[in-house]
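Peer 1: With the sequence up front, the predicted model follows.
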Amino acid sequence: MHRIGVFVCHCGTNIAGTVDVKAVAEALGKEPGVVSSVEYQYMCSEAGQTLIKDAIKNLKLTGVVICSCSPRMHETTFRRTAAAAGINPYMVEIANIREQCSWIHKDKATATEKAIILGRTAIAKVTLNTPLTSMESPVTKRALVIGGGIAGIQTALDIAEAGFEVDIVEKNSTIGGKMTQIDKTFPTLDCAACILTPKMVDCAQNEKINIYSYSEVESVSGFVGNFTAKIKKKARYVDAAKCTGCGVCTEKCPMKNVPNEFNLGMNNRRAIYIPFAQAVPKVATIDADYCNMLKKGKCGVCAKVCTAGAIDYKQQDEYVEREYGAIVAATGYNPISLENYDEFAYSQSKDVITSLEFERLTNAAGPTSGQLLRPSDGQHPHTIVFVQCVGSRDTSGCGKPYCSKICCMYTAKHAMLTRDKYPDTDVYVFYIDVRTPGKNFDEFYRRAVEEYGVHYIKGMVGKVSPRADGKLMVQASDLIANEQLHIEADLVVLAAAIEPDKSARSVATMLTASMDTNDFFTEAHPKLRPVESPTAGVFLSGVCQGPKDIPETVAQASACAAKVIGLLAKDKLTCNPCVAHSNENLCNGCSACEKVCPYGAITYSDKEFRMPDRTVAIRRVALVNPAVCQGCGACTVACPSGAMDLFGFSNKQIMAEVDAICK
Amino acid sequence: MQVNENKEFRPLIVAFCCNWCSYAGADLAGTNRMNYPADVKIIRVPCSCRVNPMFILRAFQRGADGVIMCGCHPGDCHYTSGNYFARRRMTLLFSMLDFLGIEKERTRVEWVSAAEGAKFAATMNEFVETVTKLGENKRLEDLRCKKQ
Amino acid sequence: MQEAVINRAKELLADGTVNRVAGWKTGEFSFDTTPAVFTSAEELDADFVYNDFCAPNLSKYLVKESRKEGKLLVFLKPCDTYSFNQLVKEHRILRENVYVIGVECTGKVDAETVKLKGIKGITSMESDGENVTIHTLYGNKVLPKSETLGTKCATCKSKKHVAYDELIGNDGEVDEESKRFEVVEKLEAMTPDERYEFWRGELSRCIRCNACRNVCPACTCESCVFDNPDSGIAQKAAADSFEENMFHIIRAFHVTGRCTDCGECTRVCPQNIPLHLLNRKYIKDINKFYGDFQAGADTISKAPLNDYTFGDCEPSIVYSRGGNE
C-alpha cells in the first residue's frame, strides 16, 4: 500500500501570494494513498528538507509529492533529500505550482484550483513510480579533441596537464588553426605567432598529447565514458616519421603555381608544402590535386631531393580506431563566402579584400612580407575603407543573423596599426554599431579614434565600384551627419561574418550533438552549462559554440578542459536510470524501435521462451543498453505491441496523469 | 457544429511539453509572469517523441476539450531526431481525427524553445480561445456514440 | 488451376521439400473457405480447394507456422505476398522455413456482396471464372463475377506477386489506375459533420468481436496492447470505455505504414464496417505527405513512421488544407 507524503511550498509569497497553500495541502491530503499533507515556507531550505526527511522516516512514506517550483529547478535537490531519508530518490514527483501556476495566474481561486489538480496529477504519477537504480559504466581515461586550433590546443594542453592522455585530430597538415594566420592580437597588439607557436610546440612535446594531423574523424560510436572513434589519417605521401621538415622538397618541387591557402591564395606554394615555418608537426605534405607524380606518374623530384627518404607516393589513407572517455568539438570557424555581396565588388577587384586577407598583407610571413601593398599593383594604398558587418546581423537571408563579435575589435586594430605604420594613410571605418565590451577593449577603440585619428562613420557602405584608374569608388551614407559620402579609396577591407566550419555539421551528426539553425553547437544550458553539449560526454571548445575572440576562446577551452578532467577523473559514471526497457514477453522483434533510436542503444538477440504448452520457442527480442539509452522514448511509441516502455515516464504513469487532469 | 453559447464554459486543455525546450519555455513564461489561462495543464515528457497518440486520445475521451503537444523546434531536439518522428506521428493522427469528423482545431502541435516563454504564453492564450469557441468536446469523448 | 496447385503440393511433399502445406478448405458453405494446413497427399485430395472463393490471406498464419519443425509450403495470392513481405521485414516470418508458391488471382467472390444485392437464402455458389451461379432456397441466380467481388478485390491494387519461390499461373501487374482511394476521397470531400455522422453510423455498430484484429496480418503482436494491462489502455472493467471507444483509431494507427491494404479487416467484419477506409486514409496521407509508399512491396525500406526528413510538412497542414484532402 502506498504511503504518500505531500509537501506544499509557499516559496515565500511566490506561491502563497496567489495560491491558498493551506487549501491545497488540505485537498491533497484527501487523495487516496496520501497519509500526510503539509505546507511550509521554503521546502528547499535546510529546515524544509528536514521536515520532508522526518516525515519520510516517521510516517514510513513510500512516495513523496512536492508542490513547489519547476522540477527543472529542484528535482535533484528533493531526490537527494528523499535518498538521505532512506527511500529511493525516484519515488519523488514534483507538481510545478510556481512557474506553471502561481506566477501566471492572478485570481487566487483559479490558481488554487489548478494547484490542486497539478498536485493530484503528481500523486497519480507517484503511485505508479518504481524505485530506480542508476547503472554504472566505466570511463576510458583518454580524451579526443576534434580540431587543432587555439581552442583545441588549449583544451588538450590543460587535459594533458592534469595527467590524462589526449588525441588531437586536425584536418589540416598542421595544428594552429586560424590564429596562425593572424598578425597581431587585440587589445595588446602582441604578435599572434609569438604567443601561439610555443603552445603548438608544447602540444608536440607533451607526452600525453598525440596529434593526428591531416586526419579526420570518420565515425564515432558509444556513449559518455566509452566512445570509440574511427580516425582517418589522410595520405600525405610523406612518411611523417622520416620527414625532418628541412623543406628542401618544398623548394625544388617544379609545381610552382599552387594557390597558397595559408595566405588565402594571395601567393603561391609548391605541390609539396609545409604551410608555414613553425608548422606542427613540421612535416611536408603532397597536394595530390597538383602533384604531377601522383596525377601523371611523371616527376619524382621531391623523392630525389629528400635525403631522409620520406617521400612515399604509394601511401594510402590509414584508419585508426581508439577509445575515448570524452570528446571535445573544437571545429572552429571560417569567414563566410562573399559571393552574395556583389555590391562590395569583392569578386571584381583584387583591392577589395577580407579582413583575414588584410592580416596576411600586414604579416611579415605574408605574401608582401608585411608591407601593406595593394594586391592589384603592389602600390601603397593612401585611402583605406573598412566596412564592418559584412554579412553579420543581416536578416535579409543572404548573410548571418548573428553578430560575429570579433570584427569591431579587429577592425579597430587594423585601422590603428595602419595609421601607426603609415601615418600618411586616411582610414575610414563604416559601422552600424561599435561593440567593444571586454577588458581594455573600449579603451583600445577610443585610442584608434582619438590618438590615431581613424575616421569612424556610422553608416553602411552602399556600393563599391572599381574605376578604370584602379581607384575604388565607395558610396556610403553617414547616418549621423545625414549625408551621402563618396570616397575614392585604394583599398577596401570587408569585415566578413564568421560561420562555423563546414565540417561541424557532420561532426555533430557523428556525436549526436545538437546544433542551432546557424550550425553552431548547442550548449547543454546557455548560461549554466556553456561548455557541455546536451549529449553527455561531448564538450564544446571555441567558436564552434558561438563567435568568440582569442581570450574568450582560451577561457572557454580551459573551462571545457576542466569539465573533461572532471569526467575523466571518475572511475565510474552513474547513468540516468530513466531509460527505455523492453518486456521480452511482449516483444515482436520487429525492429521498429531500433530504427527510431538515435543512439543505437537497441540490439536484438534470439531467446528461448518456454511456451504455455511446454514447448520451447525461439524468439527475436529487443534489448536496450541502459548505458547508451538517453531516455527520449521514441521507441516506446514506435513499438506496436507496447513492449517498450520508459522508466520514469511509463505509459501507465502518463495515462494516470492524463486521467488525473481530466478527472 | 455545436457551439456552446454558455459564457461559463471553460475548456480543459492538456499540454504535453518536452522537458528540454517546451517545458523550459513554459517555465520561462512563468518566470516572466506572462499570463495564460489556468485551463492549460501541462504534462512533462522527456521528448515530444514520447507522446503516444494513445495519450492524446485518452485525454479527449476523458473529457479534455483540446490537446496540444509542444516540442523543440525541428533541428533542435535534445535527442537530435525525436521531434521529427513526433511530427510525422502527429500529422497523421490529426489528419485521421479530422477524417473522422473531429474538429481539427482541438489538436495542435507547436514548437517552443526554452527561450520562447512569450511564444508559449501566446500559443496557449490563442489555443484556449480557439477551443473555447468550439465548446465542449463531445465527439471524441465517445466516438462510437453508445451513450446516445 | 486447383488441380495444378494440388499436384505441385503433392510433389513437394513427396520429395521432402516441405512437410506441410498451408492452403484453403471448404467451410460450412461452399463459398466460405477457411485456411487449413495439410500434411499428406490424402488430406490434399480430400479437402484442398483453390477457387474463386479463396479470399483468406494466409500470410499471418506463417508467423506461427514458420517457427515449427520443417519447411512449410504456402500458396499466396498477389495481395497476400505484400503481407508476407511485410512480415518478413518485421522478422515475424522466418523466410527460410517457408516455400512460397504464388498463385494467380482474378479476384474473389464475396457472399456479403451478393447478399447486399438482395439475394437471400444462399445455399451454395459456384464460379466458372466469368459468371457466378448462386443457388438459393428460392431458386438459382446468375451474376457476372465482376459484380460479386468483395470490397478488397473490387479495388485491387496489384496482381503482381512481390515474393515467391515459384509461380503457378500468370503474374500480373501493379494496377496504377486502381480506384482504391475513391471512397476515401468522397469522405474527404464531405463536411466534418457529415464525416462524423458517417463514422458514427459505422463504428457504433461495432460489437468488439476482434475479428478485424485477429485476421489482420499487421496485428501479429505477441500480445496486443489492448490485452496488456501495462499499456495503460487495456481495461477490462466495464467502467472504462476508453478501449471501447478508441479501439479502431488506435488499431489503425498501430498498423500505419505497415498495413499493406489487404482488406481482410473489412472482409471479416460481421457488421460490415468499412474498416479498411481508416487504413486507406493513412496510406493516402503517407503517399501525399512523405511520398508514395507501399508496405510490403519490399523487405528493406523504412516504414514512414520510423523515418523522417528535415523538410517534412508540419502537422498544421491539417488545418491549412481545404476540406480533408
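Peer 2: On my side now, so go ahead. Just so we're clear, the structure is a prediction, and the values are computed from it rather than from any experiment.
Peer 1: list the buried ones in stretch C:272-282?
Peer 2: Judged by neighbour count using 16 or more other Cβ atoms under 10 Å in any protein chain shown, the buried positions of stretch C:272-282 are C:273-282. The way it works is simple: take the backbone N, C-alpha and C, and place the C-beta from them, glycine included.
Peer 1: what about stretch C:278-297, near chain B?
Peer 2: Yes - using Cβ under 8 Å from any Cβ of the partner chain, stretch C:278-297 comes into contact with chain B via C:278, C:281-282, C:285-286, C:289-290.
Peer 1: Inside helices: which ones of these?
Peer 2: Taking DSSP state H, the ones among those that sit in helices are C:278, C:281-282, C:285-286, C:289-290.
Peer 1: Reformat the residues of stretch C:278-297 next to chain B into JSON lines and put distance to A:Ser477 next to each item.
Peer 2: Compiled in JSON lines, these are given as follows (distance: Cβ to Cβ, whole Å):
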{"residue": "C:Leu278", "distance to A:Ser477": "63"}
{"residue": "C:Lys281", "distance to A:Ser477": "59"}
{"residue": "C:Tyr282", "distance to A:Ser477": "58"}
{"residue": "C:Asp285", "distance to A:Ser477": "53"}
{"residue": "C:Ile286", "distance to A:Ser477": "54"}
{"residue": "C:Phe289", "distance to A:Ser477": "48"}
{"residue": "C:Tyr290", "distance to A:Ser477": "49"}
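Peer 1: For residue 22, which three-state class applies?
Peer 2: If you meant another chain, say so; for now it's chain A. Classification of A:Lys22 using DSSP: H, G, I helix; E, B strand; the rest coil returns helix.
Peer 1: could you do chain C instead?
Peer 2: At C:Ala22 the chain is in strand, as set by three-state DSSP.
Peer 1: is it true that it touches C:Lys68?
Peer 2: No - between C:Ala22 and C:Lys68 there is no contact, the gap being 11.0 Å when judged by Cβ atoms under 8 Å.
Peer 1: more neighbours, those two?
Peer 2: C:Ala22 (22 against 15; other Cβ atoms under 10 Å in any protein chain shown).
Peer 1: Contacts made by the host helix or strand of A:Val145 with the rest, please.
Peer 2: For A:Val145, the element it lies in under DSSP states H and E is strand A:142-146. In this structure, residues lying in contact with strand A:142-146 by Cβ atoms under 8 Å, 6 or more residues apart in numbering or on different chains are A:152, A:155-156, A:159, A:164-169, A:217, A:227, A:229, A:322-331, A:507, A:541, A:564, A:568.
Peer 1: Double-check that A:Tyr456 belongs to a strand.
Peer 2: Yes - under three-state DSSP, A:Tyr456 sits within a strand.
Peer 1: what residues go with each domain of the chain?
Peer 2: You didn't pick a chain, so chain A it is. With automatic domain parsing as the criterion, the domains of chain A are listed as A:4-126, A:142-177+A:186-233+A:317-331+A:503-568, A:248-305, A:334-499, A:580-647.
Peer 1: was after chain C, sorry
Peer 2: If you go by automatic domain parsing, chain C breaks into C:1-107+C:157-178, C:180-325.
Peer 1: Confidence-wise, which of these is weakest overall?
Peer 2: For the domains of chain C, mean pLDDT drops lowest on domain C:180-325, to a mean of 87.
Peer 1: Enumerate every residue touching the closest residue to A:Gly366 other than its chain neighbours.
Peer 2: Closest residue in space to A:Gly366, ignoring its immediate chain neighbours: A:Arg360 at 4.1 Å, by Cβ to Cβ, 6 or more residues apart in numbering or on different chains. Listed by Cβ under 8 Å, 6+ apart, the contact set of A:Arg360 reads A:181, A:183, A:263-264, A:266, A:366-367.
Peer 1: now what about the following helix or strand past the strand holding A:Val145, what contacts it?
Peer 2: Next helix or strand after strand A:142-146 toward the C-terminus (DSSP H and E): helix A:150-161. Residues from elsewhere that reach helix A:150-161 (Cβ under 8 Å, 6+ apart): A:143, A:145-146, A:148, A:166, A:168, A:170, A:175-179, A:196, A:199-200, A:202-203, A:206, A:208-209, A:328, A:330, A:332, A:539, A:541-544, A:550, A:553-554, A:556-558, A:560-562, A:564-565, A:568.
Peer 1: can you check stretch A:408-416 too?
Peer 2: Here stretch A:408-416 has contacts from A:184, A:186-187, A:189, A:355, A:358-359, A:362, A:384, A:386, A:388, A:427, A:429, A:431, A:434-436, A:438, A:441, A:444-445, A:447-448, A:452, A:454, A:493, A:495, A:549, using Cβ under 8 Å, 6+ apart.
Peer 1: Narrow these to just the buried residues.
Peer 2: Looks like the contacts of stretch A:408-416 have A:184, A:186-187, A:355, A:358-359, A:362, A:384, A:386, A:388, A:427, A:429, A:431, A:434-436, A:438, A:441, A:444-445, A:448, A:452, A:454, A:493, A:495, A:549 buried, using 16+ other Cβ under 10 Å.
Peer 1: Filter the residues you listed down to just the ones in strands.
Peer 2: A:184, A:384, A:386, A:388, A:427, A:429, A:431, A:493, A:495 (DSSP state E).
Peer 1: Identify, from the residues you listed, the entry nearest to C:Met1.
Peer 2: A:Ala495 (80.5 Å; Cβ to Cβ).
Peer 1: That closest one - nearest residue in space that isn't next to it in sequence?
Peer 2: A:Cys407 (3.8 Å).
Peer 1: Tell me, how many residues neighbour that neighbour?
Peer 2: With other Cβ under 10 Å as criterion, A:Cys407 counts 26.
Peer 1: what residues are up against the residue in the stretch 501-650 of chain A positioned nearest to chain B?
Peer 2: Closest to chain B within the stretch 501-650 of chain A is A:Gly633: 3.1 Å, counting by Cβ to the nearest Cβ. By Cβ under 8 Å, 6+ apart, the contact list for A:Gly633 reads A:580, A:646, A:649, B:45-47, B:49-50, B:82.
Peer 1: what do you get if the cut-off is 10 Å, keeping everything else the same?
Peer 2: A:578-580, A:596, A:644-646, A:648-651, A:654, B:18, B:45-52, B:79, B:82, B:85-86 (Cβ atoms under 10 Å, 6 or more residues apart in numbering or on different chains).
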